[in-house]
Each structure stands twice: as structure tokens, then as C-alpha cells.
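Student: Generate coordinates for the sequence data below:
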Amino acid sequence: MSDLTINSNRYIKNLYGKSLNWFCREYGVLNISNDNTILCCTSNEWTQNHQIDRLVCGGPCLDHAIKTGCHSVSFQIACEAAILVKYAKKYDYNLLLFIMGGSKDLLEKQTWNDLYNSYMTMVDYLADYFNLNKKKYIGISSWANKKVWSLGRQEHPVEYDASSFQSIYKPAIKLSRNDCFNLNYDLTLWEHYHNNLLAYNYEFIKNISPFEFDRIEHFENLHQIRAFYFSKIVFGNNCNDAQTLFLPISSNNEYVRMTRATCENKLQAYLGENVILKEINSGLNYKYLHLFFNQDEIIEIVHIFTKTFT
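Tutor: Residues are numbered from 1 along each chain as shown. The predicted structure follows:
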């Protein structure tokens with residue numbers, strides 16, 4: 001395939017019904033896209049000066065696999081982990097991975113622990129492959145030390161009944177709308193949302209990070225733009241705390257983020273290396289991956305992914 005370019009505006013409009021230009025206007029972020037990158041926007045231009053040191057933060061969204069377990073994790077998780085590891089290695093940044101989730105249900109609690117262990121094992125293999133020193137990264141779960149997160153929620157409160165809080169993962173809805181969400185009262189779910197916002201709180205990260213830093217760059221896919229935006233409203237803006245966003249990898253067969261695709265279109269780990277490689281070596285997946293990785297890297301990422309989640 002000779003054409004390895006992606007039109008970010010068209011790509012995002014297919015996923016969300018809104019263009020990248022709309023997202024930039026709505027959230028007041030800078031458009032850094034071009035047809036030869038998966039990067040699309042940033043909240044602060046200092047992120048583009050890679051001589052400026054920073055702590056990079058990111059992490060997986062594993063809730064799509066909580067009912068069925070590790071073997072059903074989507075390839076999107078491996079792709080984004082590899083993006084974070086390669087990015088941290090390229091610019092010699094420290095990397096803090098937030099694994100958000102957890103449950104009071106004993107069976108689900110075990111599944112979350114299994115997902116965390118498999119994810120961090122995968123990250124270890126990826127770090128070895130991309131030569132990222134193990135002292136340069138760490139994974140922190142939101143359920144391993146509940147007291148820390150509970151104290152964080154007390155010190156940095158949010159209004160759970162606010163419609164803006166309840167819509168943090170609906171980024172294509174206009175910020176001015178306040179009638180579109182009414183989550184069922186579920187304290188556990190709302191505490192999870194609150195924890196997710198704490199993962200953007202500069203002072204909270206200062207308290208739990210083993211790394212010293214002055215600046216933070218949250219390096220994530222576009223779906224997280226509203227959560228970060230809302231965190232700045234709730235906790236206050238800090239110019240040393242910025243977010244850079246890249247295109248979410250989509251399903252080849254559906255205009256949807258891969259983790260939210262149907263059945264096998266998620267490219268779940270149990271499908272195995274051969275099936276996943278065949279699928280990602282065609283269509284948009286091929287273009288997307290080759291904008292950040294070479295073919296040997298892609299093959300190794302798939303190998304590591306299927307090895308650690310099955």
C-alpha cells in the first residue's frame with residue numbers, strides 16, 4: 001500500500017460525526033495534525049518542544065473486557081501501550097501509566113487484577129523491545145491503594161450531579177448542552193469517574209508519582225478530550241499540565257473505536273497472531289499503524305499482545 005496518509009478531519013468525522021476542526025474550536029485546543037501523523041491536537045504548544053522535559057501520563061481503557069476476561073482484550077490496548085512506550089523512549093521521558101477501574105464484586109475484582117497483571121507484563125515486554133529502561137515507567141492502579149484515591153476525592157471534590165461530570169466520555173456533545181445526561185445513581189460508577197479526573201490533577205499526581213517533574217503531558221487518544229477539559233474546570237488550570245491527543249485506532253469494518261466495535265472487529269487477543277496481523281495489514285489499520293511504527297515493530301507488538309493476554 002503506497003498511500004500511507006490519513007485525513008484526520010475525515011477520520012474523526014467518521015468516528016464521531018464531528019470534524020477535528022470542530023473539536024479544536026469546541027475545546028480550545030491547537031490543531032497539530034497533518035496527513036502523515038496520528039497526532040491531532042494539544043492543549044498547550046509547549047508540548048511540541050521536545051527539549052522540554054515532562055512526565056508522560058496515559059493508560060488503558062480495559063472495561064470492555066471485564067465480563068469476559070483477558071483473552072477478550074482489544075488490540076487497541078496493545079497499540080496505545082506501544083505508542084506510549086515508543087514515545088517515552090524517543091524523547092527520554094518518564095512514563096506513568098494509570099490503570100483505572102476496580103470493583104467491589106469479588107469475581108470482577110479478580111478479573112481487574114488479572115487485567116492489570118497482563119497489561120503490565122505486556123508493557124514490560126514492549127519496554128524491553130523498544131529499549132525503555134524499567135526505571136523510566138510505572139503502572140498505578142486505582143484500586144490497589146483505595147485510601148490514597150479516597151483521600152484524593154476528599155481533597156479534590158467534584159459535583160456528581162453535574163451534567164458536565166456525567167458526560168465526560170461523550171466528547172462529541174457540545175459543551176453548552178446540559179440536558180443530555182442523567183446517569184443512574186451509582187456511587188461506585190461516580191467514584192470511578194472521580195478517580196479518572198484525579199488522574200489529571202497536577203497536585204494529586206505529584207503526591208503519588210515516584211518521578212520528579214515540573215510538567216505533565218497526558219498523551220492519549222481523542223476520546224479523552226472532554227474528561228481533561230472538565231478536570232481543568234473543576235480543579236483549576238495549570239499551564240504546566242497539558243494534554244496531547246492522537247487518533248483512536250478504529251475497526252476496519254466499522255466507524256467506531258476498536259474497543260467499542262462488535263465481536264471479532266475488536267481484534268481480541270484470543271483471535272491469535274495470524275488473524276490479527278491479517279486484519280491490520282489492510283485498510284485504515286495498516287495506514288494508521290504505519291504512521292507510528294514500522295512493519296517489524298507491528299509484528300512484535302501483535303506477538304507480545306497475544307502472548308500476554310491469552
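Student: Check the secondary structure at Ile298 for me.
Tutor: Secondary structure, DSSP: H, G, I helix; E, B strand; the rest coil: Ile298 is helix.
Student: residues contacting it?
Tutor: By CB atoms under 8 Å, 6 or more residues apart in numbering, the contact set of Ile298 is 277, 280, 289-290. For glycine as for every other residue, the C-beta is placed from the backbone atoms N, C-alpha and C.
Student: immediately after the helix or strand of the chain with the lowest mean pLDDT, which helix or strand?
Tutor: None of the helices or strands of the chain scores lower by mean pLDDT, DSSP states H and E than helix 163-166, at a mean of 79. Later in the chain than helix 163-166, the nearest helix or strand by DSSP states H and E is helix 187-198.
Student: Mind listing what's buried along that following helix?
Tutor: 190-198 (16 or more other CB atoms under 10 Å).
Student: Do a quick rundown of the helices in the stretch 101-250 of the chain.
Tutor: 106-130, 146-155, 163-166, 187-198, 202-208, 225-235 (DSSP state H, counting those that start in this stretch).
Student: how about those in a markdown table, adding distance to Thr310?
Tutor: A markdown table is the format used below for the helices of the stretch 101-250 of the chain (distance: least, CB to CB, whole Å):
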| stretch | distance to Thr310 |
| --- | --- |
| helix 106-130 | 9 |
| helix 146-155 | 30 |
| helix 163-166 | 36 |
| helix 187-198 | 27 |
| helix 202-208 | 31 |
| helix 225-235 | 30 |
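Student: which of these is buried the deepest?
Tutor: Ranked by mean neighbour count, the helices of the stretch 101-250 of the chain are led by helix 225-235 with a mean of 20 (mean count of other CB atoms under 10 Å).
Student: got the CA coordinates for that helix in CSV?
Tutor: Backbone C-alpha positions of helix 225-235 (Å, rounded to 0.1, in the frame of the first residue of the first chain) are rendered in CSV as follows:
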residue,chain,number,x,y,z
ILE,A,225,-10.5,15.3,25.5
ARG,A,226,-13.7,16.1,27.4
ALA,A,227,-12.5,14.5,30.7
PHE,A,228,-9.3,16.5,30.6
TYR,A,229,-11.2,19.7,29.8
PHE,A,230,-13.7,19.2,32.6
SER,A,231,-10.8,18.4,35.1
LYS,A,232,-9.3,21.8,34.4
ILE,A,233,-12.7,23.5,35.1
VAL,A,234,-13.1,21.6,38.4
PHE,A,235,-9.5,21.6,39.7
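Student: what's in contact with that helix?
Tutor: Contacts with helix 225-235, where a contact means CB under 8 Å, 6+ apart, come from 23, 27, 29, 41, 43, 156, 158, 164-165, 167-171, 175, 196-197, 200-202, 218, 220, 238, 241, 243, 245.
Student: show me what contacts Phe98?
Tutor: Contacts for Phe98 were tallied using CB under 8 Å, 6+ apart; they are 57-59, 139-142, 199.
Student: nearest spatial neighbour of it, skipping sequence neighbours?
Tutor: Gly59 (3.9 Å; CB to CB, 6 or more residues apart in numbering).
Student: And the one you found, its phi and psi?
Tutor: Dihedral pair for Gly59: phi 160, psi 170, per degrees, to the nearest 10.
Student: what about Ala88, distance to Ala269?
Tutor: 23 Å (CB to CB, to the nearest Å).
Student: between these two, which one's more packed in?
Tutor: Ala269 (27 against 24; other CB atoms under 10 Å).
Student: Count the residues that sit near the closest residue to the more buried one other than its chain neighbours.
Tutor: Nearest residue to Ala269 in three dimensions, chain neighbours excluded: Phe309, at 3.6 Å (CB to CB, 6+ apart). Phe309: 25 surrounding residues under other CB under 10 Å.
Student: pretty sure Phe309 is touching His71, no?
Tutor: Yes - Phe309 is within contact range of His71, at 6.2 Å (criterion: CB atoms under 8 Å).
Student: returning to that earlier point: mind picking the one among the contacts of Ile298 that's closest to Phe213?
Tutor: Within these, the smallest distance to Phe213 is 29.8 Å, found for Leu289 (CB to CB).
Student: Run the chain-centre distance for the helix or strand containing the closest one.
Tutor: Using DSSP H and E, Leu289 sits within helix 283-290. How far helix 283-290 lies from its chain's middle: 18 Å, per CA atoms, centre = their mean, to the nearest Å.
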